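>>> Can you look at this prediction? I've put the sequence above it.
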Amino acid sequence: MVVDFSKLELNKLIPIYLQIIRHVKMEILAGNAQDGFEMPSRRVLSTLLSVNPNTVQKAYKQMEEEGLIISYPGSKSIVVANEENIIRIRQELISDEVLSFIKSARAMGFTLDQAKNVLDKYWDYKGKEVD
Amino acid sequence: MLKCENIYKKYGSVVALDDVSLEFRPGEIVGLLGENGAGKTTLMKTILSYIRPNKGRVTLDGEKIGPNNIDRIAFATSEHSFFGGLDALEHKAFYHMQFERFNEKRFDSLLEFFELPKKTKIKNFSTGQKNQFEVILALSQGADYILMDEPFAGNDIFNREDFYKVLLGILDDNECLILSTHLIEEIKNFISRAVLLHKGQLIGDVTTLELDDKNIDLMEYMRKQYSYRSDRVIETLMKNEK
């Protein structure tokens, strides 16, 4: 099975190679990209996303360094979705989200307790109208 | 490596290229960017020796551009430099005779991709079709360095988006594509390097990986390079006033 990139919509705010890496991490956490899944070849992904091959290569290289994928001679790359990686990615992605939440909350003048209250209030929120 | 050294070109009293030095390497996709009259077309024509610079020289792997190596460079001029009375297949036959490394497979697949008629005289093509056909010829010549001057003129956005994909799919690792364009937002993820000309001067040269590392957008980079330059203009003016 090959990791699916058809739902990745690139935005203009973040460097493309980071968006590629993040997409793979999200796919792993969602269980869509499982251990042993194949990555598309660099050329195929470059064509699919209309992105320069160097950018794709940069993303793959960083994922190799992180141990997220292993590349074999002949350029086939395999996803490593073992428990260790899953725990690490989960921590990392939630930290990113929380950090950006904290940044906004601080900028709006919230204290830690106030921010915690907001979290508590919305923890079970399921998309109903906010009162 | 395609090397331009200290290219200086004057048209009458207008300086079109002012001491421009640049190197292009295999595998690069270079966006040649700049306002109208910045010198993009003049630079391309100088590389092909259509224009003789007043100073400076162009070399390909250390040798002057001439009959021995000119076939390693292709140029889609957007000036429709082909035979109006011949159809697409006749052009293919002619290119086959002229260029040893003519890539027939690529020619056929691109002709199909653009849905161009095979047996209509080129002079009866629309402007957009003519541009597409020029691009096909340049890509199929078997050259190592492929230059394109505003290759997307006359193509609508959907066609262009597909075209970027096709290019990324067909280009070999050792081919170098150099294209001039105004569509900066559109090509910023597609290119590997941006070269910025302004009033005949080279004011910026950056790889997109460098931009990624600095986390700045191509547009932002261009703005910076432009304003840096205008600061210098003001500086010069003030010095002259004293």
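Nice, thanks for sending it over. Residues are numbered from 1 along each chain as shown, chains lettered A, B, ... in the order given.

>>> Is the residue nearest the centre of chain B within a helix or a strand, and which one?
Of all residues in chain B, the one closest to the mean position by Cα atoms, centre = their mean is residue B:179, 2.8 Å from it. Per DSSP states H and E: residue B:179 is located in strand B:176-180.

>>> Please apply the same query to residue A:120.
Using DSSP H and E, residue A:120 falls in helix A:112-122.

>>> any idea how far the residue nearest the centre of chain A is from residue A:81?
Nearest to the mean C-alpha position of chain A, by Cα atoms, centre = their mean, lies residue A:22 at 2.3 Å. Per Cβ to Cβ, to the nearest Å, residue A:22 is found 15 Å from residue A:81. The way it works is simple: take the backbone N, C-alpha and C, and place the C-beta from them, glycine included.

>>> just residue B:33 next, same as before
Noted for residue B:33: a distance of 41 Å to residue A:81, by Cβ to Cβ.

>>> So which of these two has more stuff around it?
residue B:33 (25 against 22; other Cβ atoms under 10 Å in any protein chain shown).

>>> Name the residues linked to the more buried one by a beta bridge.
Note on residue B:33: beta-bridge partners residue B:196, judged by DSSP bridges.

>>> looking at it, it is touching residue B:222, isn't it?
Yes - when contacts are counted by Cβ atoms under 8 Å, residue B:33 is listed as touching residue B:222 (6.8 Å).

>>> where along chain A do the helices fall?
Remark: helices assigned in chain A by DSSP state H are A:16-29, A:42-49, A:53-65, A:83-107, A:112-122.

>>> How about chain B?
Taking DSSP H, the helices of chain B run over residues B:40-47, B:88-98, B:104-113, B:127-140, B:157-170, B:184-187, B:208-214, B:218-241.

>>> Quick one: list the elements packing against the shortest one.
When contacts are defined as 3 or more Cβ pairs under 8 Å, 6 or more residues apart in numbering or on different chains; DSSP states H and E, helix B:184-187 sits against strand B:29-33, helix B:157-170, helix B:218-241.

>>> just the CA coordinates of the first one, formatted as CSV?
In other words, strand B:29-33. Provided in CSV are the C-alpha atoms of strand B:29-33 (Å, rounded to 0.1, in the frame of the first residue of the first chain):
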residue,chain,number,x,y,z
ILE,B,29,14.5,24.6,-12.9
VAL,B,30,15.3,28.3,-12.9
GLY,B,31,12.7,31.1,-12.9
LEU,B,32,14.1,34.2,-14.6
LEU,B,33,12.1,37.0,-13.1
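
>>> how much does that strand deviate in direction from helix B:157-170?
140 degrees (axes from the mean of the first three to the mean of the last three Cα atoms, to 10 degrees).

>>> Likewise for the last one?
Orientation of helix B:218-241 against helix B:157-170 (the same axes, to 10 degrees) gives an angle of 100 degrees.
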